[in-house]
Every structure is written in structure tokens, then in C-alpha cells.
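>>> Quick one, fold the following:
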Amino acid sequence: MATRIDMPQLGLTMETGTVLRWLKSEGETVEKGQPVVLIQTDKVEYEVESPAAGTLLRAVAPAGAEMPVGRLMGILGQPGEDVSALLGEPSRAQGTEPRAQGTGQSAPSAEHRAPSAESEAPSAERRAPSAGRREWRVESREAGRAQGTEHKAEGTEAKAGFPPEAGGQEPITPAPERAPGRIKISPVAKKLAQEHGIDIASLPGTGPEGRIVREDVEREMALKRQAPSAKRQAPSAEVPETIPLSGIRKVIFDRMAQSWREVVRVTMFVEADVSEMVRLRRANAGEWERRFGLKPSYSDLIHMAVARALREEPRINCRLEGQAIRVRKEVNLAFAVDLGEGLVAVVIRDADRKSLGELARAARDLAERARAGRLAPADMADGTFTVTNLGGYGIEGFTPIVNSPQAGILGVGKIQEKPVVIGGGIHVRSMATLSLVFDHRLIDGAPAAKFLAKVKESLERPTWAG
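All right, here's what the predicted structure looks like:
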């Protein structure tokens, strides 16, 4: 019996997805759970796994087609099986016919838009080297620094993937011509090219509409290893004059505007004396690295203090759900990761139950997978409170926007030495500004103040960090 391959829903807010390329050709056998088609949502690229074993009979949706959740993309079955009923079946999701991106025209009808093995669907020779590897890819551009919102791993570098074997590669089908003066390239590929000194202007793009994807850069890296004496070109420093409101930028545009319109914002500021936290980290860095396999950052310590405060002041750990305020028992702490092109808020689940080492490893894993493009929608879902840290950029204090439907967000400024009056004398202390922004519809001022005071106390007396 034939099986549908439909556009999946990878998050509560996902309405449409785009088919980037088929990873299997028509007529090719597919195992259950094997990646069969690569799609793109607003924030991630995802390899859709086959729902059953069989043969890919029809790749109904062409590369570049944007379609609603639930729309038929392809059909699995047995060779020779009649699939006309599925091809003529009305869509299970509301919406228009798939549209090829950038063309402004509707995609062909079902009986005409199914590509042949030689045309639309990539053959085994044309598939990129990593096509068989299941992974999530967040399209990013460039990582930031250590203490800021990106929560960079100390002493480690996030890997975007592994290059293919240098030898025995099949020739790649030439990419479509690009518009003069503009190079289409995914942010992941651009970041990788910049890191390895690859001149993107010389790369053929094998993605939709000639876009350069990560596999194209990895292939060039393999060729560079074969000819190490070849001179590498410096990455282009050109900045585009316009930034299209699409993908992650469009999501940020819409959600920030919605939060600004709907949330009744109140901000509270407090300065925390984090001198003891700074001293503990310096004194215990070596021991922590031996015990945990990594050295927790200041962001990790701040996350732990916030998670403990949320457990002790659970009224802040709430969300707006319909016409009700739901106070959550579990503390799912979200923190912002800078991808260059925008921010994503990744979630550490049950953060209040984790030790410092466990929390640091979880945060490091999420941040590295975000930059490498391997996040799952679940990694960004169901957060109950958010922390965003701009200290690494030298920002002393700021008022972040609430990540609705959460009720609050904590902004963290830079740690800096300041003269402080203590007991009538002037002392130099390490200070940091904390800004709590909360939705006054959901949280009253008194519990918000108690929570912020609890975070301050936890940072100033970090007995839990020993």
C-alpha cells in the first residue's frame, strides 16, 4: 500500500515549509527512518525521514516549492503500484498550491510536477556527500564571543560538519547562473567558507536556484587539502545593502513586534556584587575542568543562579496559555544564542535539577549544535523563562523584549570593577547590572522584585558553586 510523505509540522508556529532537495531518486529503494527529502522551515533545515520502507514512486514537490504543513511531497510504495488516487486526493491542509520560491508562479499540477529521476530529484552521483547523514541545520552566519548571548564554549570550537573524502568524487552538475553581483549562499556555508578562507565567488552552488550550501564548501575544502600550496582567498567583506525579511529574520521581525504590541512591560534594575562568583570561578577553574570535562563560564553560573531562583520563586515561572496563566513546575531555562544572522533561544530542560557540570555541558551542547546547524525544534520549544547576556559585547545594561508567551526575561550586563562604599570605606568590587523585564498582566511587582532579589543573592553568595 502506498504511503504519503507529507510536509511535517516541526513546531506549533510552523505553517509552511520549503522543499530544498530530494535525497533519494524516483525508483530508488528507501528504508524506514532513512532521510528522503531536505526541507527548510523558518529557522532550521531538516532531513525528513521515510515513514515506511519501500520505493520512492513519485517526488511530487519540486525543489524550491513552498507548501503548507500536511501537503503531499512524495509517495512511497511498491514498483508499479497505482498511486493515482493519492495524486488526485485533496490536500489535508488548507492553502494554495506549492510555489517555487523566487518564480512567483504556482508549481505544476500533481500529474505534471513529479520530477523524473534524471531531472528534479538528485541522482546518487549528484547528491551531496553528507546527504545520508541525519542532522538539523540552523542557517547561521558567524559566531560571536565568549560571555555574550552566544554562550560560546571555552577552549572549544563548534564544528559545522566533517568534510567529505578527498578522492573518488563524482563530477557535480554545474549550478544555474547567478544574478550579477549577488551570490546566494546559506549562512552555514558562508560561515564555514570564512573560517577556512574559501572564496565563495568561485564556488558552484548545488542548492536551489544555484545557492551555495555547506556541502559545496566542504568539497572545496577537500580539494584544498589535495593542493595545500594553493593560495587561499580572503573571505569577502562586502555587506549586502538590503537584508530580506525571510527565514529567521522574518520570524524575529514578527515575534518581536507581536511581543512589543501585546506585552505590558515593566523593567526592574539591580546591581549585583559578583566578586565572590568571580573569585570562585578563578579558584576552581582547574578542578571544575577535571571534574566536568569543561570549565563553566560566567553564563553557566548565572544560569544556575537563575534556575535556583525560579525554583524558589515559582510564580515567575509561568506562561500565558489562552485565557489562563499557567505556573510551571518544571524549570526549562532558555538562553539566547547569537547566530550572526539572528538569535535563537535554546532551552535547558529541568535546569534547576542539574548540577553545575550538567548544566554547563547542556548549555555548551545546545550552543555548539545551534552554530553547527543541528538543532531540533524541541531544542527551542517549551521554555519557561529566558536569560540573555550581552556582557561580552561591553554592554552595561539593557531592557530585552519578553519572549512571549513566557512572562519574563533577565538581561545581564558586563562584569566590571567599580568603586563601592562598604562600611564607610571605598572598595573595588566586581559588579554586574541585572534587568528583569516582565509582563505585568501575568506577574505583579512584588513577586517580580522578590525573584530579582533572589537572583542577586544567589550570585553574591554562590555557595552552590563550590
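>>> okay, now residue 420: neighbour count?
Residue neighbour count, defined by other CB atoms under 10 Å, stands at 15 for residue 420. For the C-beta atoms, the positions are set from N, CA and C on the backbone; glycine is no exception.
>>> Secondary structure element for it, which one?
Taking DSSP states H and E as the criterion, residue 420 maps to strand 416-422.
>>> for that strand, the distance to its chain's centre please.
Relative to the centre of its chain, strand 416-422 is centred 38 Å away, using CA atoms, centre = their mean, to the nearest Å.
>>> Same question for stretch 452-460.
Centroid separation for stretch 452-460 versus its chain: 30 Å, with CA atoms, centre = their mean.
>>> The nearest residue to residue 196 once chain neighbours are set aside: neighbouring residues, count only.
Nearest non-adjacent residue to residue 196, counting by CB to CB, 6 or more residues apart in numbering: residue 221, 5.5 Å away. When neighbours are counted by other CB under 10 Å, residue 221 registers 18.
>>> quick one: strands adjacent to the strand holding residue 420?
strand 425-439 (antiparallel) (DSSP bridges).
>>> just the angle between the helix or strand just after the strand it pairs with and strand 425-439, please?
Using DSSP H and E, the helix or strand that follows strand 425-439 towards the C-terminus is helix 445-460. Per axes from the mean of the first three to the mean of the last three CA atoms, to 10 degrees, the angle that helix 445-460 makes with strand 425-439 is 130 degrees.
>>> quick one: average pLDDT of helix 445-460?
Mean pLDDT, computed over helix 445-460, is 96.
>>> Residue 3: neighbouring residues, count only.
A count of neighbours around residue 3, defined by other CB under 10 Å, yields 18.
>>> Give me the distance between it and residue 19.
Distance, residue 3 to residue 19, using CB to CB, to the nearest Å: 18 Å.
>>> Could you point out the bridge partners of residue 436 in the sheet?
residue 268, residue 410.
>>> how about the residue nearest to residue 196, secondary structure?
Using DSSP: H, G, I helix; E, B strand; the rest coil, the structure places residue 221 in helix.
>>> Quick one: neighbours of residue 85, just the number.
So residue 85, with other CB under 10 Å, has 8 neighbours.
>>> re the thing from before, the residue nearest to residue 196 contacts residue 197, doesn't it?
No - taking contacts as CB atoms under 8 Å, residue 221 lies outside contact range of residue 197: 9.6 Å.
>>> In the stretch 151-300 of the chain, mark out all the helices, start to finish.
For the stretch 151-300 of the chain, helices defined by DSSP state H, counting those that start in this stretch occupy the ranges 187-195, 214-226, 247-262, 275-292, 298-312.
>>> Export those helices to JSON lines and append columns for distance to residue 350 and mean pLDDT.
Shown next, in JSON lines, are those (distance: least, CB to CB, whole Å; pLDDT from 0 to 100):
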{"stretch": "helix 187-195", "distance to residue 350": "30", "mean pLDDT": "79"}
{"stretch": "helix 214-226", "distance to residue 350": "33", "mean pLDDT": "74"}
{"stretch": "helix 247-262", "distance to residue 350": "25", "mean pLDDT": "83"}
{"stretch": "helix 275-292", "distance to residue 350": "18", "mean pLDDT": "93"}
{"stretch": "helix 298-312", "distance to residue 350": "9", "mean pLDDT": "96"}
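>>> Tell me which of those helices lies nearest to residue 14.
Smallest distance to residue 14 across these (CB to CB): 10.2 Å, for helix 247-262.
>>> helix or strand for the nearest residue to residue 379 once chain neighbours are set aside, which one?
Using CB to CB, 6+ apart and skipping residues adjacent in sequence, the residue nearest residue 379 is residue 346, 5.3 Å away. Following DSSP H and E, one finds residue 346 within strand 343-348.
>>> And the residue nearest to residue 196, how close does it get to residue 189?
Distance, residue 221 to residue 189, using CB to CB: 11 Å.
>>> In a markdown table, list the helices of the stretch 151-300 of the chain along with distance to residue 10.
Formatted as a markdown table, the helices of the stretch 151-300 of the chain follow (distance: least, CB to CB, whole Å):
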| stretch | distance to residue 10 |
| --- | --- |
| helix 187-195 | 18 |
| helix 214-226 | 20 |
| helix 247-262 | 13 |
| helix 275-292 | 32 |
| helix 298-312 | 26 |
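>>> who wins for proximity to residue 404 among those helices?
Of all those, the one in closest proximity to residue 404, counting by CB to CB, is helix 247-262 (4.5 Å).
>>> Now that closest one: buried residues?
For helix 247-262, a neighbour-count test (16 or more other CB atoms under 10 Å) marks 247-248, 251-252, 259 as buried.
>>> just those residues now: which is nearest residue 65?
Nearest to residue 65 among those, with distances taken as CB to CB, is residue 247, at 16.2 Å.
>>> chain center to stretch 40-53, what's the gap?
Averaging C-alpha positions (CA atoms, centre = their mean) puts stretch 40-53 15 Å from its chain's average.
>>> Relative to residue 203, which of the helices of the stretch 151-300 of the chain is closest?
Comparing the helices of the stretch 151-300 of the chain by CB to CB, helix 214-226 comes nearest, at 5.2 Å.
>>> Surely the residue nearest to residue 379 is in contact with residue 370?
Yes - contact criterion CB under 8 Å: residue 346 and residue 370 qualify, at 5.9 Å.
>>> Which of the two has more residues huddled nearby?
Ranked by neighbour count (other CB under 10 Å), residue 346 and residue 370 place residue 370 first, with 28 against 24.
>>> Give me the nearest residue to that one, chain neighbours excluded.
Spatial nearest neighbour of residue 370, chain neighbours left out: residue 337 (4.6 Å); criterion: CB to CB, 6+ apart.
>>> Residue 403 too?
Leaving aside its sequence neighbours, residue 403 sits nearest to residue 386 (CB to CB, 6+ apart; 4.6 Å).
>>> tell me the contacts of that neighbour?
By CB atoms under 8 Å, 6 or more residues apart in numbering, the contact set of residue 386 is 333-336, 345, 400, 403, 406, 408-410.
>>> The same query, at a cut-off of 6 Å, please.
By CB atoms under 6 Å, 6 or more residues apart in numbering, residue 386 lies in contact with 334, 345, 403, 409.
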